[in-house]
Every structure is written in structure tokens, then in C-alpha cells.
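Prediction below, plus the sequence it came from.
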Amino acid sequence: MTLTAASQNLAALCAPAAQHIAIRIVAETGSTNADLLAAVAHLDGPTLLWAESQTAGKGRAGRSWHSAAGATLTFSLAWKFALPVQALAGLSLLVGVVVAETLASFGVDARLKWPNDVLKDGDKLAGMLIETAMDKTDRSSIWTVIGIGINLAQASQLSAQIGRPVAQAPELLEQRERVMAALLNRFSIALPAFEQNGFKMFAASWNALDAYAGRAVNILDQRKVLYSGTDMGVDDSGRLLLDTAQGRIAIVAGDVSLRIAEEYREE
Ligand SMILES: O=C(O)CCCC[C@@H]1SC[C@@H]2NC(=O)N[C@@H]21
């Protein structure tokens with residue numbers, strides 16, 4: 001099914017709580033994140049921009065993110081929070097929980113790698129990029145653009161961009177609009193709950209999905225090992241707890257990698 005056809009169904013598939021999300025679906029764009037960031041000043045409320053393909057998709061750390069037509073779920077959700085920017089810490093972890101739990105509800109064994117990669121069989125299945133824009137007329141609020149790319153059936157180009165193998169979930173190709181509706185339903189509950197209570201009420205859910213729970217990991221910065229220890233999950237503010245030879249520490253930034261011989265060889 002093309003996304004144009006899916007758009008007819010999407011609103012009807014959404015639960016009442018998600019009905020206030022405006023839905024825009026396009027065949028191709030540069031970047032759904034860039035489009036919504038440019039548009040937030042004119043948005044009336046939460047808005048989904050779902051693209052069949054992107055020609056200039058943005059990944060984290062300045063990387064590109066390839067989204068081939070008919071092979072991904074590529075979208076951004078603009079959401080305004082009545083919060084100061086500092087209160088958004090933990091949002092990306094919550095988004096990971098929403099994506100992984102939604103995929104799990106469709107039978108995909110999705111797990112989380114801190115802070116917010118979604119893995120399947122140890123490889124990256126989905127990535128997210130959250131960007132923010134100040135509302136100039138309302139300093140107590142902030143717009144977020146939550147960009148998500150879920151890989152369903154593409155491999156080589158995305159893999160080259162992120163520098164490691166990617167996972168796929170081709171079984172979801174035929175039900176993309178149902179998956180999208182399920183995502184919107186969960187977001188429409190989880191994002192207001194985050195606004196009210198912060199990340200802490202989602203910490204247990206994140207920990208239940210932690211791909212590296214109890215395993216020996218390294219925390220890297222630009223491929224340099226900063227810390228080594230055992231992954232003990234996240235705390236109520238989303239920091240990764242690491243049991244090291246010197247005791248427990250809480251990590252606020254860095255890349256997590258499994259401490260296995262292969263990874264040392266790669267690095
Ligand atoms: O590097 C990552 O892990 C983040 C990838 C985020 C990609 C998504 S695809 C939809 C949205 N639009 C973009 O340009 N990027 C995000």
C-alpha cells in the first residue's frame with residue numbers, strides 16, 4: 001500500500017486520545033525533521049509528518065539517514081511541551097520506550113541501547129533525532145520535533161551511513177499504517193504523562209527493555225573508552241548506571257558498546 005492510500009486509513013485507526021494530532025503524509029521530502037522545525041511557528045497543535053522517502057534525512061552526530069521509498073517508517077512528530085528545555089532530559093529515552101513497546105506489540109523483539117537506539121538481534125532497527133525550537137511568543141513552552149526512522153527492509157546504504165549493520169523488520173511493511181496508528185496512540189498517552197511527571201514513571205519500562213542489562217560494557221567518547229563496567233539500567237532521570245571497579249557511577253553522555261573482543265578489534 002502506498003502512503004497516500006494509508007493516509008485515508010490512519011486517522012480512522014487512531015484512538016480518541018490521538019485524534020487531535022494533525023496528519024500530513026508526503027511521498028518524498030528532504031527531512032521530515034527539517035520540515036517540521038521550519039513550520040512550528042504556524043502549527044496549531046501536535047502534528048505528524050510521515051514521508052515515504054527522504055532525500056536529506058538527518059541522523060545524530062551530523063550523520064545522514066537514508067530512507068528508501070517503501071522500505072522504512074520515516075516520520076517526525078511535532079509536540080509542544082509546557083516545560084523549560086532542561087526538563088526535556090529523559091524525553092529521548094521515553095521515545096525509545098514508546099517505539100520499542102509499539103514494535104513489540106507487533107511481534108518484533110525490539111530492545112533499547114542507552115540512550116535511545118532501538119535494536120533487534122543486536123543491530124540497530126530504529127534511530128531517533130529530537131530537535132527543539134523555542135516558541136518566541138511563549139517562553140514557558142518549547143516545541144520538540146521527534147524524528148524517527150524505523151528500518152523495515154533496507155540494508156546497505158543505511159548501514160554504510162551509520163557504520164554498522166542494521167536490522168530489518170520486513171514483516172511490518174504491509175501494515176505500516178497500523179504500526180503508525182499504534183505509535184500515535186502510545187505517544188498521545190506517554191508525552192502528556194512525561195510533561196506531568198518527567199521520565200521517572202518510565203524508568204522501569206526502559207530497564208525492562210535494556211538490551212545490555214547486566215552485561216559488561218564500555219562507555220565511549222569518539223571511540224575512546226571513558227569507563228568500563230556493568231550496565232545496571234537507568235535511574236529516574238535517565239542516567240545510565242554503571243558498576244565499575246571503583247563503584248557505581250551515573251553516565252549522562254557517551255556511546256555504549258559491549259565489551260567483546262570483536263568490538264575491540266573494530267575500534
Ligand atoms: O542517527 C540516528 O540514530 C537518528 C536517526 C533519525 C532519523 C529520522 S528519520 C525521520 C526524521 N527526519 C530526519 O531527518 N531524521 C529523523
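Noted; the coordinates are in hand.

so what does the one helix or strand residue 143 maps to touch, helix or strand wise?
For residue 143, the element it lies in under DSSP states H and E is strand 142-151. Counting contacts by 3 or more Cβ pairs under 8 Å, 6 or more residues apart in numbering; DSSP states H and E, strand 142-151 is packed against helix 32-39, strand 72-81, helix 91-105, strand 123-134, helix 176-197. C-beta: built from backbone N, CA, C; applies to glycine.

now for whichever helix or strand comes after the longest one, which elements pack on it?
Which is helix 176-197. Of the helices and strands lying after helix 176-197 in sequence (DSSP H and E), the nearest is helix 203-208. Other elements packing on helix 203-208 under the criterion 3+ Cβ pairs under 8 Å, 6+ apart are helix 91-105, strand 224-234.

Tell me which residues are up against helix 203-208.
If you take Cβ atoms under 8 Å, 6 or more residues apart in numbering as the criterion, helix 203-208 is touched by 93-94, 96-97, 101, 112, 213, 233-236, 238.

hmm, which two among those are most spread apart?
Greatest spacing in the contacts of helix 203-208, by Cβ to Cβ: 101 and 235 (20.0 Å).

Neighbour count for those two, which is higher?
residue 101 (19 against 16; other Cβ atoms under 10 Å).

per-residue confidence for the more buried one?
Residue 101 is assigned a predicted lDDT (pLDDT) of 98.

quick one: contacts for it?
Going by Cβ under 8 Å, 6+ apart, residue 101 touches 186, 205, 209.

show me the contacts for the residue lying closest to the last one once chain neighbours are set aside.
Taking Cβ to Cβ, 6 or more residues apart in numbering as the measure, residue 209 lies nearest to residue 112, with 4.5 Å between them; neighbours along the chain are not counted. For residue 112, the contact set (Cβ under 8 Å, 6+ apart) comprises 93, 96-97, 100, 118-119, 206, 209-211.

Write down the beta-bridge partners of residue 112, one by one.
Going by DSSP bridges, residue 112 is paired in beta bridges with residue 118, residue 210.

State the number of residues packed around residue 208.
As a burial measure, residue 208 scores 14 neighbours (other Cβ under 10 Å).

hmm, who's touching stretch 91-99?
110, 112, 114-118, 126, 128, 130, 144, 146, 148, 150, 183, 186-187, 190-191, 194, 199, 202, 205-206, 209, 234, 238.

From those, list the ones also adjacent to the ligand.
Cross-checking the contacts of stretch 91-99 against the ligand (Cβ under 6 Å from any ligand atom) gives 128, 148 as the overlapping residues.

any idea how far residue 15 is from residue 154?
Residue 154 sits 30 Å away from residue 15, going by Cβ to Cβ, to the nearest Å.

Tell me which of the two has more neighbours.
Counted by other Cβ under 10 Å, residue 154 and residue 15 do not tie: residue 154 has more neighbours, with 18 against 13.

List the contacts of the more buried one.
Taking Cβ under 8 Å, 6+ apart as the test, what residue 154 contacts is 66-68, 71-72, 166, 168.

which among the residues you listed gets closest to the ligand?
Nearest to the ligand out of the contacts of residue 154 is residue 67 (Cβ to the nearest ligand atom; 5.8 Å).
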